[in-house]
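*Asks:* heads up, no residue letters with this:
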C-alpha cells in the first residue's frame with residue numbers, strides 16, 4: 001500500500017511529495033518494481049522505482065548443541081540468515097527457557113547474506129528434572145523482529161563402576177568397567193578422570209565416550225600400582241632394645257657375681273645377653289597393614305569421575321580401594 005504526503009504548489013513551482021510504502025506481514029524478501037503515476041488535468045506522467053525488501057530468517061541450532069545437564073552451562077547458537085542483503089543492521093537477541101534458569105544473548109552487525117551463528121549462553125539450575133523443554137529466542141534488527149521457539153533438552157548422565165576394591169602387587173595392573181548412562185537429548189562427549197593417591201595410576205580406554213540414551217556405554221579403567229607403593233617404612237630402630245640390654249646386662253653380671261661367684265656370674269651374663277637379643281629380634285618382626293616389617297599391604301583410595309564436555313559439570317562414578325601387597 002502506498003500513501004503520499006505533502007501539499008502541491010501552484011504551477012510553475014515544483015512540489016516534493018513524500019511516498020510511504022507499507023508492506024503487509026508475510027511478504028517474502030525480494031526486489032519489487034512499482035510505478036508512480038501523476039495526473040493533472042489532461043496531462044499525466046509516471047516513473048518506475050524498485051522496492052528492495054530485506055528480512056532475516058531465524059533457524060534452529062544444530063542438534064548437538066540444543067541440550068545441557070542440570071547444574072551445567074552451554075552455548076546454543078541459532079542461525080540468523082540475512083535475506084536480500086540485509087546489511088549493517090545491528091541485531092540483538094533475547095532468550096528464555098521454559099524450565100527456568102538463565103539465558104543471555106548477544107549483539108552483532110549483519111553484512112550481506114552471510115549467516116551468523118548467534119551465541120546464547122544457557123545455564124540450568126542444579127536439580128532440574130531431565131526432559132524436553134522450549135527455548136524462545138527473539139531477534140531484533142531495526143524495525144524487523146522475529147521470535148522463534150526451538151526444542152531444548154535438559155539431559156543428565158550418571159555412571160557406575162563394576163568393582164569397589166582391587167588387590168595389586170607393586171608394578172602390576174588390574175581393570176574394572178565403568179558404565180555411563182544418559183537420558184534423552186544428551187549430545188556430548190564424556191571424559192574420565194581420577195582423584196586420589198599418586199601411588200596408584202589409572203587409565204581409561206577409551207579416554208572419552210559418546211553415550212546414547214537407552215544404550216549403556218562402557219570403558220575399561222586400568223589401575224596400576226607404582227613401584228613406590230611397595231616402599232617400606234623407615235628401618236626399625238633398635239636403640240630402645242639395646243638401651244635396655246645395656247641397662248640390665250651389667251646389673252645382671254654384678255648380681256650373679258655377688259651371689260654365685262665369678263664363673264657363674266659370667267654364665268648368667270651370657271644368658272641375659274642372649275635373652276635380650278631374642279627380645280630385640282621378636283620386637284621388630286611383626287606385620288600389618290601399612291607395610292610394617294618385611295611384608296604387608298598399603299591401601300589407597302581412588303575416586304573415578306566423568307565429565308560432560310563443555311558443560312562445566314562432572315559426576316562421581318565411584319570410589320575404589322586399592323590394596324597393594326608387598
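*Replies:* That came through fine. These numbers come from a predicted model, not from an experiment.

*Asks:* so what's residue 31 bridging to?
*Replies:* Per DSSP bridges, the residues bridged to residue 31 are residue 52.

*Asks:* how about it, what does it touch?
*Replies:* Counting by CB atoms under 8 Å, 6 or more residues apart in numbering, residue 31 touches 50, 51, 52, 53, 84. Where you see a C-beta, it was placed from the backbone N, CA and C, and this is true even at glycine.

*Asks:* pLDDT at it, what is it?
*Replies:* The model reports residue 31 with a pLDDT of 92.

*Asks:* for residue 94, same thing?
*Replies:* pLDDT, read off for residue 94, is 88.

*Asks:* and what of residue 26?
*Replies:* For residue 26, the model assigns a pLDDT of 84.

*Asks:* what's the local residue count around it?
*Replies:* Neighbourhood size, residue 26 [other CB atoms under 10 Å]: 5.

*Asks:* gap between it and residue 113?
*Replies:* 21 Å (CB to CB, to the nearest Å).

*Asks:* same check on residue 69?
*Replies:* 36 Å.

*Asks:* those two: who's more crowded?
*Replies:* Between residue 69 and residue 113, residue 69 has the larger neighbour count (other CB under 10 Å), namely 27 against 13.

*Asks:* got phi/psi on the more buried one?
*Replies:* Residue 69 adopts backbone torsions of phi -90, psi 160, taken as degrees, to the nearest 10.

*Asks:* wait, it touches residue 182, no?
*Replies:* No - look at residue 69 against residue 182 with CB atoms under 8 Å: they stay out of range, at 9.1 Å.

*Asks:* what about residue 30, neighbour count?
*Replies:* 12.

*Asks:* what's the spacing between residue 4 and residue 36?
*Replies:* According to CB to CB, residue 4 stands 9 Å off from residue 36.

*Asks:* which residues do these two both contact?
*Replies:* Common neighbours of residue 4 and residue 36, counting by CB under 8 Å, 6+ apart, are residue 19.

*Asks:* contacts only, for residue 81.
*Replies:* Neighbouring residues of residue 81 by CB under 8 Å, 6+ apart: 56, 57, 58, 59, 113, 115, 116.

*Asks:* phi and psi next, for the second one.
*Replies:* Pointing back at residue 57 there. The phi/psi pair for residue 57 (degrees, to the nearest 10) is phi -110, psi 140.

*Asks:* helix or strand for the closest residue to it other than its chain neighbours, which one?
*Replies:* Nearest non-adjacent residue to residue 57, counting by CB to CB, 6 or more residues apart in numbering: residue 81, 4.4 Å away. Assigned by DSSP states H and E, residue 81 belongs to strand 79-83.
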